[in-house]
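In: whatever this is, show me its structure:
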Amino acid sequence: MSSFRIGRRGLIAGGAAALLPLPATAKEDWRALAGEVRESMRWAWRNYREKAWGKDQIMPVSGGSESFSIKGTHVGLSLIEALDTLWLMELDAEFKDGVDWIHANLDFDVDGEVSVFETIIRLVGGLLSAHLASGDKLLLARAKDLADRLMPSFDHSPIGLPHRFINLKTGALRDPITNPAEVGSCITEFGTLSRLTGDQRYHKAAKRAMVALFGRRSEIGLMPDSFDCMTGEWKSRRATIGPPSDSYYEYLWDGWQLFGDREFLVMYKSCTAAILENQKAELNGDTWFVDVDFETGKRINWEQDELSSFYGGLLAQGGDTAAGEAYTRSWDKVQAKFGILPEGYDAEKGTPTTKTNALRPELADAAFNHWLLDRKEEWRALVARHFRAMQQWNKAAFGYATMADVTTKAQADHCPGYWWSEQMKYYWLIFSDCRRFDYRKNYLSTEGNVLLGFKR
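Out: Numbers count the residues shown, from 1 in each chain. Here you go, the predicted model:
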C-alpha cells in the first residue's frame, strides 16, 4: 500500500499457541533491528538464488518453486518484486544479479493468460521502480512492452474498464465481471510509464477507468464490489474498504499525491466522506469499518479482512488522522491476540473467520505511513512486533512461509512475490534511516514499489 505514503511470543502446546509478551520496545536499537532485516533479506535471496532462480515464487518449506501468473511458465516475479528493496538495502551485488537475469531471460511474448491488475502492480511496477533506482533503460523497455500487451483490456470496453484477464500474445480477453480494485489500481504505474516514455496513452487509460467507476456510485456515495466492465452494471450490493475494492480508494489519493491532479483529490475526499459516514463503526472501544449495503448503508456483518488493515494509514495521509490511528490500533490488538493476523476476523465475536495468513504486509504498511507523518515511536514499535512475529513463526528452511493456521502456527509451503517488495521494504525503511530514500518526498505503490523518492 502506498506511502506519502513484538505482539506475542508463542509456545505450541496441545495444538494451540500460548502467547507470551515479546520484549519491550521503548529502548529499541533501531539500527541493529535494521541490520536484522537486511540479513534476513540477504538470507532469503540466497535461498531463492540457489533453489528457484528466475522462477516466480520459491516454496520455502520444500525448496521447490511455483509459477504465479501463467501456469507452468515463469517470468521471474519474485526477482522483479525484490529489486528495489535490494537496491534500498545497498545489496548491490544481488541487485545486479537480478537485473542481469532480466537482460538475459525476460520475455513477455508468452501465449498465456495473466491478471491485468496483478501484472500492472507487480511486474510493470517492479520494472519501473528498478529502472528509477538504476537508470537501466532495458528495464523501462520491458515495462513498456508489457503495458502495451495489457492495453487492449482497456481499449475493448466502451467505458474504458478493463477485463480481468488477457493473453499476453494473442490479446484474448476473459471475465468482464470485475471489481473496483482491479480496474482502478494502475494510475501510478501507468502514469509513471507515461511520464518516462512521453506516451500519454497509459495515463489516460488508467484515469478514464477510475473516473468512470467513480461516476457509478450510489446516492449515498458508495460503490459495491462487483460490476460488468462492458456496461458498468453493478453485480453486487456490498460496499467494502477491503478486497476487492481496497486499492481503488488508495489510488484515488495516490493520483493526487504523485501527479498533483486535483480531480483525484476531489474523488478521494468524496469517497472517504461516504465511507466515514456509512461504514465506520465502534465496538467495545475499537474502531472498525464494516461492510454495508451500498445504497442503504445497512451493516451486513462485523467481519473484517486483514487486507483492510492498510486503511488506517491511508486515512491519516488524507487528513483523517484520529480515525486512521484508531483503526490501526484496533488491528494491532488483533495482532497481539494471535501473534500473526488471521486473513479474516469477526470483530463482534473476537474469533478468526479465516485462520490462514498469506504473509501479509498491510498492518506494517499502515504503521509506516503513520510514522512518515508523525515519527511517533509507537508505529516503529508496532512494526518491530510485526517483524519479530514473522521471524518467529514464518521462517522456514528456505525462506519465509505463509501460515496455514495462525492459531496453531502451522506453516504452508508458499512465499508470495509481494513479500520481497512490501514488508521487507517497510521494515527496512522504518528502522534504517536509509541513505537511498527521501523520507520527505516519496511514493510507494500498493505493491510497495518506489516510484518517487530514490536518492543516489
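
In: quick check, K137 in contact with H131.
Out: Yes. Counting by C-beta atoms under 8 Å, K137 does reach H131; the two are 7.5 Å apart. To be clear about C-beta, it is placed using only N, CA and C from the backbone, and glycine gets the same treatment.

In: those two: which has the busier surroundings?
Out: When neighbours are counted by other C-beta atoms under 10 Å, K137 and H131 differ, and H131 comes out ahead with 23 against 10.

In: show me what the helix or strand harbouring that one is packed against.
Out: Assigned by DSSP states H and E, H131 belongs to helix 125-134. Counting contacts by 3 or more C-beta pairs under 8 Å, 6 or more residues apart in numbering; DSSP states H and E, helix 125-134 is packed against helix 77-88, helix 92-105, helix 137-150, helix 187-197, strand 450-452.

In: can you tell me which of the ones you listed is most buried?
Out: helix 77-88 (a mean of 28; mean count of other C-beta atoms under 10 Å).

In: got the angle for that one vs helix 125-134?
Out: For helix 77-88 against helix 125-134, the angle by axes from the mean of the first three to the mean of the last three C-alpha atoms, to 10 degrees is 30 degrees.

In: ok, L193 - contacts?
Out: Taking C-beta atoms under 8 Å, 6 or more residues apart in numbering, we find L193 in contact with V124, L128, A143, K144, A147, D199, Y202, H203.

In: swap in 6 Å and give it another go.
Out: Neighbouring residues of L193 by C-beta atoms under 6 Å, 6 or more residues apart in numbering: A147, Y202.

In: relative to E250, how far out is it?
Out: L193 sits 19 Å away from E250, going by C-beta to C-beta, to the nearest Å.

In: sorry, back to before: let's have the helices and strands packed on helix 125-134 in CSV, adding distance to Q392 and mean pLDDT.
Out: Below are the helices and strands packed on helix 125-134 laid out as CSV (distance: least, C-beta to C-beta, whole Å; pLDDT from 0 to 100):
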stretch, distance to Q392, mean pLDDT
helix 77-88, 21, 98
helix 92-105, 25, 98
helix 137-150, 36, 98
helix 187-197, 34, 98
strand 450-452, 28, 98
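
In: D405: which of these is closest?
Out: Taking C-beta to C-beta, helix 77-88 is the member of the helices and strands packed on helix 125-134 nearest to D405, at 24.2 Å.

In: next, the angle helix 92-105 makes with the closest one.
Out: Going by the same axes, to 10 degrees, helix 77-88 makes 140 degrees with helix 92-105.

In: tell me what helix 77-88 is packed against?
Out: Contact partners of helix 77-88 among helices and strands, from 3 or more C-beta pairs under 6 Å, 6 or more residues apart in numbering; DSSP states H and E: helix 92-105, helix 125-134, helix 418-421.

In: any idea how far it is from the chain center?
Out: Distance of helix 77-88 from the chain centroid (C-alpha atoms, centre = their mean, to the nearest Å) equals 14 Å.

In: list the contacts of it.
Out: Contacts to helix 77-88, defined as C-beta under 6 Å, 6+ apart, come from residues 56-57, 68, 94-95, 98, 123, 126, 129-130, 133, 417, 420-421, 424-425, 434, 436-437, 450.

In: average pLDDT for the longest helix belonging to the chain?
Out: When the chain is parsed with DSSP state H, its longest helix is helix 30-51. In this model, helix 30-51 has a mean pLDDT of 98.

In: show me what it is packed up against.
Out: The elements that helix 30-51 packs onto, with contact taken as 3+ C-beta pairs under 6 Å, 6+ apart, are helix 423-432.

In: put the alpha carbons of the helix it packs on into PDB.
Out: The C-alpha coordinates for helix 423-432 follow below in PDB (Å, rounded to 0.1, in the frame of the first residue of the first chain):
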ATOM      1  CA  GLN A 423       7.000  -5.800   4.300                       C
ATOM      2  CA  MET A 424      10.800  -6.200   3.900                       C
ATOM      3  CA  LYS A 425      10.900  -2.700   2.400                       C
ATOM      4  CA  TYR A 426       8.600  -1.300   5.100                       C
ATOM      5  CA  TYR A 427      10.800  -2.900   7.900                       C
ATOM      6  CA  TRP A 428      14.000  -1.600   6.300                       C
ATOM      7  CA  LEU A 429      12.800   2.000   5.700                       C
ATOM      8  CA  ILE A 430      11.200   2.500   9.200                       C
ATOM      9  CA  PHE A 431      14.200   1.100  11.100                       C
ATOM     10  CA  SER A 432      17.300   2.000   9.000                       C
END
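
In: give me the angle between that helix and helix 125-134.
Out: Going by the same axes, to 10 degrees, helix 423-432 is angled at 40 degrees with respect to helix 125-134.

In: can you give the distance of helix 423-432 from its chain's centre?
Out: What separates the centre of helix 423-432 from the centre of its chain is 14 Å, taken as C-alpha atoms, centre = their mean.
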